[in-house]
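[1] based on what follows, work out the 3D shape:
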Amino acid sequence: MNTVSVVIPVYNEERRLPGCIPKLVDFLERRCEWAWEVVIADNGSTDRTSSIAESMVREHRRVRVTRIPEKGRGGAVKTAWLASASDILSYMDVDLSTDLEAFPELIEAIACGAYDLAIGSRLLDGSRTERSWRREVISRAYVGLLRHLCRVEISDAQCGFKAISRPAARALLPLVQDSGWFFDTELLVLAMRRGYRVRELPVHWTENRDSRVKLLRTAWEDLRGLWRLRQTVPTARCPALPPEGGKPE
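    Here you go, the predicted model:
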């Protein structure tokens with residue numbers, strides 16, 4: 001049986017962590033057919049996140065904590081994935097903006113051997129997204145730039161809801177340079193350039209109005225990252241496989 005690691009990267013999340021972990025554990029106990037663990041990846045928190053994470057470990061036997069001194073979501077996910085012995089590695093954001101009902105299908109895409117990576121998408125047919133017009137416009141513009149500059153047919157690179165096989169992670173993660181929000185995009189572009197099979201799944205995603213993501217600063221960093229990949233990664237077009245798992249167009 002496959003084993004699954006679910007990583008929750010956190011930075012100063014003393015308010016949201018106490019609600020996230022019990023909800024996630026309850027869902028996994030009811031709906032996850034694989035052996036699983038939850039890893040709280042604390043990247044440099046300075047509030048009570050660390051002590052709250054430890055209390056979650058005491059309350060839930062399949063929850064553990066790993067600490068990364070440097071701030072950065074991508075670096076936290078990368079460190080936790082590389083340290084895991086699980087067959088399938090996943091991560092999701094602590095606000096659980098993506099409906100957990102999509103999680104079993106996300107993991108099954110890897111477990112069945114048909115795909116190397118599986119990603120949630122907020123922009124596929126069948127997706128349901130509740131967010132501000134500002135975030136919608138920025139997201140769609142970013143995807144357009146990604147397709148144009150990096151020549152990858154992907155609908156949503158930045159949804160915090162992804163899974164990868166351990167062999168693919170071992171091969172790709174050492175190549176990923178970014179340790180922040182651009183980590184997701186860089187991982188996907190590198191994977192598709194090297195012929196890894198990527199499954200996109202429509203998800204129900206609800207914006208967290210309390211999000212501390214700095215949209216303009218993150219957008220600027222993402223643009224710099226796209227330009228770097230444009231300069232350093234070959235640009236032959238690499239389509240993703242369609243949601244239903246058929247052949248690419």
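
[2] in the helix or strand containing V65, which residues are buried?
    Following DSSP states H and E, one finds V65 within strand 63-68. Using 16 or more other CB atoms under 10 Å as the test for burial, strand 63-68 gives 63, 65-66, 68. C-beta: built from backbone N, CA, C; applies to glycine.

[3] looking at the residues you listed, which one is closest to R128?
    V63 (29.1 Å; CB to CB).

[4] thinking again about what came up before, helices or strands up against the strand holding V65?
    Here strand 63-68 touches strand 35-43, helix 49-59, helix 73-83, going by 3 or more CB pairs under 8 Å, 6 or more residues apart in numbering; DSSP states H and E.

[5] so what's the gap between the second one and the chain middle?
    Which is helix 49-59. Taking CA atoms, centre = their mean, to the nearest Å, one finds the center of helix 49-59 at 22 Å from the center of the full chain.

[6] tell me which residues are up against the host helix or strand of V6.
    V6 belongs to strand 3-10 when assigned by DSSP H and E. With contact meaning CB atoms under 8 Å, 6 or more residues apart in numbering, strand 3-10 is reached by 17, 20-21, 24, 28, 32, 34-43, 45, 49, 53, 73, 76-77, 80-81, 84-94, 107, 163.

[7] show me how to select, in PyMOL, the buried members of those.
    Here the buried members of these are turned into a PyMOL selection, burial being counted by 16+ other CB under 10 Å:
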select buried, resi 17+20+21+24+28+32+34+36+37+38+39+40+41+42+43+45+49+53+73+76+77+80+81+84+86+87+88+89+90+91+92+93+94+107+163
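
[8] and the strands in this protein?
    Taking DSSP state E as the criterion, the chain contains strands spanning 3-10, 35-43, 63-68, 88-92, 117-121, 128-130, 152-153, 161-165, 198-202, 204-206, 238-239.

[9] can you list these in JSON lines and add mean pLDDT and distance to G225?
    Output for these, formatted as JSON lines (pLDDT from 0 to 100; distance: least, CB to CB, whole Å):
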{"stretch": "strand 3-10", "mean pLDDT": "98", "distance to G225": "18"}
{"stretch": "strand 35-43", "mean pLDDT": "98", "distance to G225": "19"}
{"stretch": "strand 63-68", "mean pLDDT": "97", "distance to G225": "20"}
{"stretch": "strand 88-92", "mean pLDDT": "98", "distance to G225": "19"}
{"stretch": "strand 117-121", "mean pLDDT": "97", "distance to G225": "17"}
{"stretch": "strand 128-130", "mean pLDDT": "91", "distance to G225": "23"}
{"stretch": "strand 152-153", "mean pLDDT": "86", "distance to G225": "14"}
{"stretch": "strand 161-165", "mean pLDDT": "98", "distance to G225": "17"}
{"stretch": "strand 198-202", "mean pLDDT": "97", "distance to G225": "18"}
{"stretch": "strand 204-206", "mean pLDDT": "95", "distance to G225": "22"}
{"stretch": "strand 238-239", "mean pLDDT": "49", "distance to G225": "18"}
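
[10] could I get the ones you listed as a markdown table with distance to L172?
    Supplementary listing: the strands of the chain in a markdown table, determined by distance: least, CB to CB, whole Å:
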| stretch | distance to L172 |
| --- | --- |
| strand 3-10 | 16 |
| strand 35-43 | 18 |
| strand 63-68 | 19 |
| strand 88-92 | 11 |
| strand 117-121 | 9 |
| strand 128-130 | 28 |
| strand 152-153 | 14 |
| strand 161-165 | 8 |
| strand 198-202 | 12 |
| strand 204-206 | 25 |
| strand 238-239 | 14 |
